[in-house]
Every structure is written in C-alpha cells, then in structure tokens.
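**Q** with the input below, show me the fold.
(one chain, ligands or ions: 1)
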Amino acid sequence: MAAVSRVLRRAGARRAFSAEPAPAYASERINAATAPTLMEIGCRDIFDEDHDAFRQMCRDFFANEVKPFHKEWEKAGEVPRELWTKAGDLGLLACMVPEAYGGLGTDCRFPAVVWEEQSYSGCTGPGFAMHSDIVAPYITNYGTEEQKQRILPKLVSGEWIGALGMTEPSAGSDFANIKTTAVKDGDDYVINGSKVFITNGWMQRRATGVFFLVNFA
Ligand SMILES: Cc1cc2nc3c(=O)[nH]c(=O)nc-3n(C[C@H](O)[C@H](O)[C@H](O)COP(=O)(O)OP(=O)(O)OC[C@H]3O[C@@H](n4cnc5c(N)ncnc54)[C@H](O)[C@@H]3O)c2cc1C
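**A** Okay, the predicted model is just below:
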C-alpha cells in the first residue's frame, strides 16, 4: 500500500507543524477495557499503528477544519465546496478505491476510522460516508473500465461529490414502485422523475456525481 504510506508520511509532516508533540504510535495495543474511553488512540486490537496515525490526522481535520464552522454551515444549509477538496487532498475520501484509479487502496478499517472520527466530532454536515462508502464502491465494483477511470479519481480528490438517488415520494423501502425513467436519446439518456431525501443531492448544483436508480424505458 504505497499510497497509504504517502498519506501517513504527510500525516507525520502535518503534525511536525503542530504545537503538540507527535504521539508515539505503538504496535502494542492499549487494552480497551483499561482505556479511559474507546476514543483513546491506540486501543482496540482490530487497528494497528497505521490506522492510529491516520486517525490522528482525521481527528485534527474534524477539530480544525469542521467543528469550529459547523454551526455556521448548519445555518447556511450546506458545507463549503472547498471542504471536500481539502478532505480529498488528505486522503480522507473513498480510501478503498484502488491505487490504479487514484485511491489509497486501503482495507475497510481506514474508512471506518473516518466515520468514527466524524461521529466523535459530532458534526453531521459533510456527507462523506455516502460519497466514499456507498457511491465509490458501487462504481469500483459495478462500473465499466471507462467509468472507473473517468469517475473514481474525481471522487477520491473531492472534485466530484457522490450522491445516490433512490428514494422517491412514492418509493422508499418499496423500490419496485420507482417511477423515474431513463429514456435513450442518441448517445444520452433523458431522466425524468422526482427524488427525495438525497444525501449530498443539494451539493450537486456545485459538483457533478449523482447516480440514480431508474426504470429503463
Ligand atoms: C438522513 C437520511 C438520509 C437519506 N439519504 C438518502 C439518499 O442519499 N438516497 C436515497 O435514495 N434515500 C435516502 N434517504 C431515504 C431513505 O433511504 C428512506 O427514508 C428509506 O428508504 C425508507 O423509505 P420511507 O421513508 O419512504 O419509508 P417507508 O418505505 O414508507 O417505510 C415506513 C415504515 O414501514 C416499514 N416497512 C416498509 N416496507 C415494509 C414491509 N414490506 N414490511 C414491513 N415493514 C415495512 C419501514 O421499515 C418503515 O418503518 C435518506 C433518509 C434519511 C432519513
């Protein structure tokens, strides 16, 4: 995982500029039962020191780049577009995307660390999980080679924001009732219908990357 090492080196460099001393990540895990809280970096056997360094970077990111501004963003009803490219720059988005498509090619524990750290920060605004752990895996696992090359690097960098439009006013759990249609028109499809409750849907006016569940007509 050469790309992960690069990100972790960057995490180390980031800390070198921080006033706090860089923590020593140990391969010996802190026993979870004796840790002051499960948020303690270095506890839980499923993680190792690479996850710890990555976790520290995520924790700093949410503490410095998100938490201080979150109330403001709640009022505005959206997070700034630049937050996504900052997160992408640090390797926080779609970590599991293979290196061949610009990702870090990590195991599933790295995105779990991002989820946990966002939850610990109490900041619900950025829809990173939908983007990274639902949309990107769909493209990775079911996309054509052309789609993977075109879409995945942009999801990793945060240039595009992923959203998934499944729910409709008359189709929540009941996907068989979906009314939205995609009709072939030359090289394009014309999509007609209504979608509701779409995480990151609002961000689509400022970025590309919404995927729809449709009936092909
Ligand atoms: C914060 C948030 C973010 C969301 N983000 C997205 C998104 O990004 N993209 C997207 O497409 N959708 C999104 N949704 C929509 C979400 O996926 C739907 O709310 C969900 O599919 C349920 O649909 P519904 O609300 O219409 O409930 P309904 O389908 O009307 O269900 C109502 C209740 O009936 C129960 N029920 C339904 N069918 C059956 C059955 N056959 N047997 C027994 N019980 C049943 C359900 O469990 C539920 O308790 C989001 C919702 C929320 C709250």
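
**Q** C-alpha only now, for contacts and for neighbours.
**A** OK.

**Q** for stretch 71-86, which residues meet the burial criterion?
**A** By 16 or more other C-alpha atoms under 10 Å, the buried positions in stretch 71-86 come out as 79, 84-86.

**Q** just the CA coordinates for that stretch, please, in CSV.
**A** The C-alpha coordinates for stretch 71-86 follow below in CSV (Å, rounded to 0.1, in the frame of the first residue of the first chain):
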residue,chain,number,x,y,z
LYS,A,71,-22.9,25.9,13.4
GLU,A,72,-22.4,28.4,10.6
TRP,A,73,-22.8,25.7,7.9
GLU,A,74,-26.0,24.4,9.7
LYS,A,75,-27.4,27.9,9.3
ALA,A,76,-26.3,28.2,5.6
GLY,A,77,-27.7,24.7,5.0
GLU,A,78,-24.6,23.4,3.3
VAL,A,79,-20.9,22.8,3.9
PRO,A,80,-18.4,24.7,1.7
ARG,A,81,-17.3,23.1,-1.5
GLU,A,82,-13.6,23.5,-0.6
LEU,A,83,-14.0,21.2,2.4
TRP,A,84,-14.4,18.3,0.0
THR,A,85,-11.1,19.1,-1.8
LYS,A,86,-9.3,19.6,1.5
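
**Q** avg pLDDT for it?
**A** Confidence over stretch 71-86 (mean pLDDT, whole number) is 94.

**Q** how about stretch 137-157?
**A** On average, stretch 137-157 scores 95.

**Q** what comes into contact with that stretch?
**A** 84-85, 87-89, 91, 93-95, 97, 101-103, 131-132, 136, 160-162 (C-alpha atoms under 8 Å, 6 or more residues apart in numbering).
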